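A.B. asks: below are the sequence and a predicted model for it; my questions follow.
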Amino acid sequence: GTFNVESGAYAMFIGEDAGDQAGGSIDGAGDVDGDGSGDLLIGARNAEWSTKSNQGMVYLILGTVSGVNDLSTADAIYYGEDSTQYLGWNVGFAGDLYSNGKDSLVMSAPYTDVGTTNSGRVYVVKGSSTFYGTNNISSVAETIINGESTSSYLGYTLNDGGGTDAGDVDGDGSDDLIIASAHHNGARGRTYLYYGDLTTGTLNASSADVKWSGANSSSYFGAGVGGVGDINDDGYDDILVGAYNVTSTASYQGGAFLYLGGSSLAATGTTTAATAAFYGEKASDNLGSTIGTPGDINNDGLYDMTV
């Protein structure tokens, strides 16, 4: 049958102003306040706070909600540091990155200039039993990660499939963080894995515990990225990275690369370090633009993945 999204939705959220593009990014099911209920993050990358155009805003809605809701009533609101940052370009819930029993919030501003143009910035907000008010993201972020270089657009792709929650890749009992910069180094792309507990303060992406890089220019390695659970049932969670423009046997067929977790991963690697690689069937398929983690589809006790 036909379903009317507006009239049939259990809850609906309305942007504050024209042109905000609220809902351009969204993530749900994380529990940032530890009350046992899933929460919701909504990005509005073009929103402005005060007179700074396109600084971007992110809205946190806690627990169960229904009906039509103006985002101005969100439990907490975060706004970008400056104009044309586009905070909320992507948003995501990560796991318990600081071992405080609560999930963390992750949000990106890929057009941020940090010493160089469009290097990008990712903010991590620690989970807490109390969230409230309207906040400059720089004043409440526990960890800030800056892009490595000009036009790296760190965080342009962030919450995809498994999102920023990498799971426990190194098996130490702490959740880890995965973020990407698909435009890095001539769009070869690079993916950054940070082990928990996450270091606080301001970091450069180059300080990641593990960095995987695309092998060829314009492959956009990291266009899709996420934790996919323990695919091979070895006790370590795994990472899937998409590179939609990669060429193997046909131009721009695209690919996705599976990196298995372990207790002593090499600090750097390329696509050759992947345990498995998947390529599009024909030219211009652009496989890897998105990846997914559907859980255990066939009920065999193992995680599955889509690409």
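C.D. replies: Received, thanks. Numbering: from 1, shown residues only.

A.B. asks: now F93, which residues is it bridged with?
C.D. replies: L105 (DSSP bridges).

A.B. asks: verify the contact between it and T164 for me.
C.D. replies: Yes. Applying Cβ atoms under 8 Å, one finds F93 in contact with T164, separated by 7.3 Å. Every residue, glycine included, has its C-beta placed from N, CA and C.

A.B. asks: please say which of those two ends up with more neighbours.
C.D. replies: T164 (33 against 23; other Cβ atoms under 10 Å).

A.B. asks: E16 versus that one, what's the distance?
C.D. replies: T164 sits 25 Å away from E16, taking Cβ to Cβ, to the nearest Å as the criterion.

A.B. asks: same thing with V210?
C.D. replies: 39 Å.

A.B. asks: the two: who's more crowded?
C.D. replies: V210 (23 against 18).

A.B. asks: in space, what's closest to the more buried one - neighbours in sequence excluded?
C.D. replies: L193 (4.0 Å; Cβ to Cβ, 6 or more residues apart in numbering).

A.B. asks: now do R190
C.D. replies: H184 (4.3 Å).

A.B. asks: how far away is that neighbour from D300?
C.D. replies: 37 Å.

A.B. asks: now do L287
C.D. replies: When L287 is compared with D300 (using Cβ to Cβ), they lie 24 Å apart.

A.B. asks: show me where the stretch 151-300 of the chain has helices.
C.D. replies: 184-187 (DSSP state H, counting those that start in this stretch).

A.B. asks: the residue nearest to R190 is in contact with S149, isn't it?
C.D. replies: Yes. With contact defined as Cβ under 8 Å, H184 reaches S149; the gap is 6.8 Å.

A.B. asks: who has more neighbours out of the two?
C.D. replies: Neighbour count, other Cβ under 10 Å: between H184 and S149, H184 has more, with 29 against 19.

A.B. asks: check the more buried one and give its pLDDT.
C.D. replies: Note on H184: pLDDT of 96.

A.B. asks: how far out from the middle of the chain is the worst-scoring helix or strand of the chain on mean pLDDT?
C.D. replies: In the chain, no helix or strand scores lower on mean pLDDT, DSSP states H and E than helix 5-8, which sits at a mean of 77. The chain centroid and the centroid of helix 5-8 are separated by 28 Å under Cα atoms, centre = their mean, to the nearest Å.

A.B. asks: same check on stretch 19-35?
C.D. replies: 12 Å.

A.B. asks: end to end, how far does it reach?
C.D. replies: End-to-end distance for stretch 19-35, by Cα to Cα, to the nearest Å: 34 Å.

A.B. asks: got the buried residues for that stretch?
C.D. replies: Using 16 or more other Cβ atoms under 10 Å as the test for burial, stretch 19-35 gives 20-22, 24-27, 30-33.

A.B. asks: average pLDDT for that stretch?
C.D. replies: 91.

A.B. asks: next: stretch 78-88.
C.D. replies: 95.

A.B. asks: got it, and stretch 91-102?
C.D. replies: Here the average pLDDT along stretch 91-102 is 94.

A.B. asks: counting neighbours, what do you get for the residue nearest to G24 when sequence neighbours are not counted?
C.D. replies: Nearest non-adjacent residue to G24, counting by Cβ to Cβ, 6+ apart: R45, 5.2 Å away. Using other Cβ under 10 Å, R45 has 26 other residues around it.

A.B. asks: contacts only, for R45.
C.D. replies: Contact partners of R45, counting by Cβ atoms under 8 Å, 6 or more residues apart in numbering, are 21, 24-25, 54, 56, 86-89.

A.B. asks: could I get the pLDDT score of it?
C.D. replies: On the pLDDT scale, R45 is placed at 96.

A.B. asks: give me the number of residues near the nearest residue to Y98 once chain neighbours are set aside?
C.D. replies: Excluding its sequence neighbours, the residue lying closest to Y98 (Cβ to Cβ, 6+ apart) is K126, at 5.1 Å. Counted by other Cβ under 10 Å, the residues lying close to K126 total 19.

A.B. asks: who's in contact with K126?
C.D. replies: 97-98, 100, 102, 104, 142 are the contacts of K126 under Cβ under 8 Å, 6+ apart.

A.B. asks: which pair in these spans the largest distance?
C.D. replies: K102 and E142 (11.6 Å; Cβ to Cβ).

A.B. asks: what's the longest strand in this protein?
C.D. replies: strand 221-229 (DSSP state E).
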